[in-house]
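J.: Sequence isn't available, so here's the structure alone:
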């Protein structure tokens with residue numbers, strides 16, 4: 001994976017780069033965005049008549065009730081990555097959308113919650129210098145942010161989760177160094193409420209790539225313990241490799257048939273009985 005290092009930019013405003021969003025043809029094999037279940041489709045925030053909201057190199061669907069993304073879809077061009085600083089870029093609400101449909105900084109003050117990116121900032125920094133700079137800025141919109149315990153977002157205990165995209169390039173023979181990723185929180189009715197906001201405690205990620213001219217897909221689930229929000233000690237964060245169908249049950253959406261065909265992970269055990277991944281070496285790519 002090639003990384004270009006750019007000089008720090010003093011501009012933290014938008015540019016004229018069009019926000020074309022997630023590209024379903026990015027891998028050569030078309031991979032469509034998830035389709036929301038009928039039960040939640042009416043809850044999606046709409047922009048210009050669409051429930052798909054586009055940014056630079058990523059798109060998402062936003063829940064009006066939960067005020068977090070149902071899903072985020074993004075493309076990674078490993079051959080054209082750039083390294084940009086995050087200094088001077090603020091977390092902000094997307095001004096194109098109603099402010100009341102987005103959870104802002106009021107949730108994250110004076111507690112152990114971090115503002116965690118769904119689409120990783122580093123994944124989005126590719127293309128021309130202008131594209132990468134705009135993607136850097138776009139990644140900080142609150143629509144791409146969810147509350148994550150500080151240990152989850154910062155600690156090596158969640159290292160497997162943070163290394164998933166890197167592990168694809170390291171451990172799989174990825175054609176053209178191109179990867180598409182879907183991710184988001186798994187909303188549950190019993191999610192703990194803090195400051196009037198229900199906090200997701202499960203997250204999912206589906207990674208798609210082409211190897212040997214064949215589309216492949218791998219899915220993962222992470223659970224974080226929010227029972228000790230005000231305490232110092234937390235249980236371990238656990239990451240599991242799962243089937244795409246298992247993600248669909250939790251994410252209130254359906255993935256295209258191509259991903260089900262590309263997903264060869266098979267298990268008869270429930271997640272509760274499965275062993276979590278100890279390292280990226282445990283992943284079956």
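T.: Cool, the structure landed. As the structure is a prediction and not an experimental result, all values here were calculated from the model. Numbering: from 1, shown residues only.
J.: make it CA atoms for all contacts and neighbour counts henceforth
T.: Noted.
J.: Would you map the helices across the chain?
T.: If you assign secondary structure with DSSP state H, the helices in the chain sit at 38-41, 121-124, 129-138, 150-154, 159-162, 164-171, 244-251, 257-262.
J.: Lowest average pLDDT across these?
T.: Ranked by mean pLDDT, the helices of the chain bottom out at helix 150-154, which scores a mean of 63.
J.: on that earlier part again, of the helices of the chain, give the one that comes closest to residue 93.
T.: Proximity of the helices of the chain to residue 93 was assessed by C-alpha to C-alpha; the nearest stretch is helix 129-138, lying at 10.3 Å.
J.: So which elements touch the closest one?
T.: If contacts are counted by 3 or more C-alpha pairs under 8 Å, 6 or more residues apart in numbering; DSSP states H and E, helix 129-138 sits against helix 121-124.
J.: helices or strands up against the helix it packs on?
T.: Checking 3+ C-alpha pairs under 8 Å, 6+ apart, helix 121-124 ends up next to strand 69-77, helix 129-138.
J.: how far does it sit from the chain's center?
T.: A distance of 10 Å separates the C-alpha centroid of helix 121-124 from that of its chain, computed with C-alpha atoms, centre = their mean, to the nearest Å.
J.: returning to that earlier point: redo the helices of the chain as CSV? Include distance to residue 67 and mean neighbour count.
T.: Shown next, in CSV, are these (distance: least, C-alpha to C-alpha, whole Å; neighbours: other C-alpha atoms under 10 Å):
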stretch, distance to residue 67, mean neighbour count
helix 38-41, 13, 12
helix 121-124, 20, 22
helix 129-138, 17, 23
helix 150-154, 20, 18
helix 159-162, 23, 20
helix 164-171, 26, 16
helix 244-251, 15, 18
helix 257-262, 27, 15
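J.: got a pLDDT number for residue 235?
T.: At residue 235, the predicted lDDT confidence score is 49.
J.: same check, this time on the one 4 residues further on
T.: According to the predicted model, the pLDDT of residue 239 comes to 91.
J.: Tell me which residues touch it, please.
T.: Neighbour list for residue 239: 160, 161, 220, 221, 222, 223, 276, 277 [criterion: C-alpha atoms under 8 Å, 6 or more residues apart in numbering].
J.: Turn the helices and strands packed on helix 121-124 into TSV, including distance to residue 177.
T.: Supplementary listing: those in TSV, determined by distance: least, C-alpha to C-alpha, whole Å:
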stretch	distance to residue 177
strand 69-77	6
helix 129-138	17
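J.: Compare those and give me the one nearest residue 207.
T.: Comparing the helices and strands packed on helix 121-124 against residue 207 with C-alpha to C-alpha, the closest turns out to be strand 69-77 (9.9 Å).
J.: just checking, residue 46 touches residue 52?
T.: Yes: with contact defined as C-alpha atoms under 8 Å, residue 46 and residue 52 form a contacting pair (7.2 Å).
J.: Neighbour count for those two, which is higher?
T.: With neighbours defined as other C-alpha atoms under 10 Å, residue 46 and residue 52 compare such that residue 52 has more, 20 against 17.
J.: Alright, calling it a day.
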